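Enquirer: build me a structure from this.
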Amino acid sequence: MNLEEYFVCCGKSVCRGCTHSFCKSGNIGKCPFCNADRGSKTLEESVEEMMKRVEANDAGAIYMLAGSCYQGLNGIQQDQTKAMELYARATDLGFNKAHSLLAEIYHEGGDLKKAKFHYEAAAMAGHEDARNNHGAMESKSGNIERAKKHGTIAASAGNYIAMHALITFFKQGIGSRESIDSTLAACNNSCVEMRSEARDAYIRDKISETF
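Expert: I've put the predicted structure just below:
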């Protein structure tokens, strides 16, 4: 689950727990960082605002525009070739989410070499979901030790999917009890550090919307 939300008005990414609390306090439609009124803007005004930040080389806005191009959203004509160029531009600016998404696109398209490159780049920039996906790729290729290494790093940072994969390995006789116990402890500690009442409330609301 993505726990950050990007606001094009100020170019800031804000914790979704914070935005959830901000909205619950009556500030619906406003940016929790700069307090700009988001609710009154038309789609055209929002797109214009995004394009201004794209022109200013804002990586988050470029990533947002790429998503709109790729899927044909927000009144923007679908153009996946242009979208890939924009994602690449965002990676040049060090935006790890763009690396991760490019990896997924290339992975789904069967270009494993490019997928691996972008998973690695995203992982090096601290994107633990990408690191977990990279580990899964290594596992499918039979590189179990490399898969374990990536899984351990991701799990220690609080990635529960990576932790589940490591437990599965352990049940298959791969890895030691000492290693799995220490990684589980690190995973739990990371999760505790990242938790907050606001984030928990946001997650509960999202789950209730799903079910």
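Enquirer: can you count the residues close to residue 115?
Expert: Other residues within reach of residue 115, judged by other C-beta atoms under 10 Å, total 21. To be clear about C-beta, it is placed using only N, CA and C from the backbone, and glycine gets the same treatment.
Enquirer: confidence score at it?
Expert: With respect to pLDDT, residue 115 scores 96.
Enquirer: tell me what the strand or helix carrying it is packed against?
Expert: Assigned by DSSP states H and E, residue 115 belongs to helix 112-124. When contacts are defined as 3 or more C-beta pairs under 8 Å, 6 or more residues apart in numbering; DSSP states H and E, helix 112-124 sits against helix 96-108, helix 128-140, helix 144-156.
Enquirer: residue 22: which of these is closest?
Expert: helix 96-108 (22.1 Å; C-beta to C-beta).
Enquirer: rewinding a little: out of the helices and strands packed on helix 112-124, which is closest to residue 181?
Expert: For residue 181, the closest of those is helix 144-156, at 12.0 Å, according to C-beta to C-beta.
Enquirer: show me what the closest one is packed against.
Expert: Packed against helix 144-156 by the contact rule (3+ C-beta pairs under 8 Å, 6+ apart) you find helix 112-124, helix 128-140, helix 160-171, helix 177-194.
Enquirer: list the buried ones in the lowest-mean-pLDDT helix or strand in the chain?
Expert: The helix or strand of the chain with the lowest confidence, counting by mean pLDDT, DSSP states H and E, is helix 197-210 at a mean of 74. Buried residues in helix 197-210, counted by 16 or more other C-beta atoms under 10 Å: 198-199, 202-203.
Enquirer: from what I see, residue 12 and residue 4 are in contact.
Expert: No. Applying C-beta atoms under 8 Å, one finds residue 12 not in contact with residue 4, separated by 9.7 Å.
Enquirer: now tabulate the helices and strands packed on helix 144-156 in CSV and tack on distance to residue 149.
Expert: As requested, the helices and strands packed on helix 144-156 are exported to CSV (distance: least, C-beta to C-beta, whole Å):
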stretch, distance to residue 149
helix 112-124, 11
helix 128-140, 8
helix 160-171, 11
helix 177-194, 11
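Enquirer: tell me the most buried of those helices?
Expert: Ranked by mean neighbour count, the helices and strands packed on helix 144-156 are led by helix 128-140 with a mean of 22 (mean count of other C-beta atoms under 10 Å).
Enquirer: other SSEs contacting it?
Expert: Helices and strands touching helix 128-140, by 3+ C-beta pairs under 8 Å, 6+ apart, are helix 96-108, helix 112-124, helix 144-156, helix 160-171.
Enquirer: so the shortest one versus helix 128-140, what angle?
Expert: So the one you mean is helix 160-171. Orientation of helix 160-171 against helix 128-140 (axes from the mean of the first three to the mean of the last three C-alpha atoms, to 10 degrees) gives an angle of 30 degrees.
Enquirer: check which helices and strands helix 160-171 sits against.
Expert: Counting by 3+ C-beta pairs under 8 Å, 6+ apart, helix 160-171 packs on helix 128-140, helix 144-156, helix 177-194.
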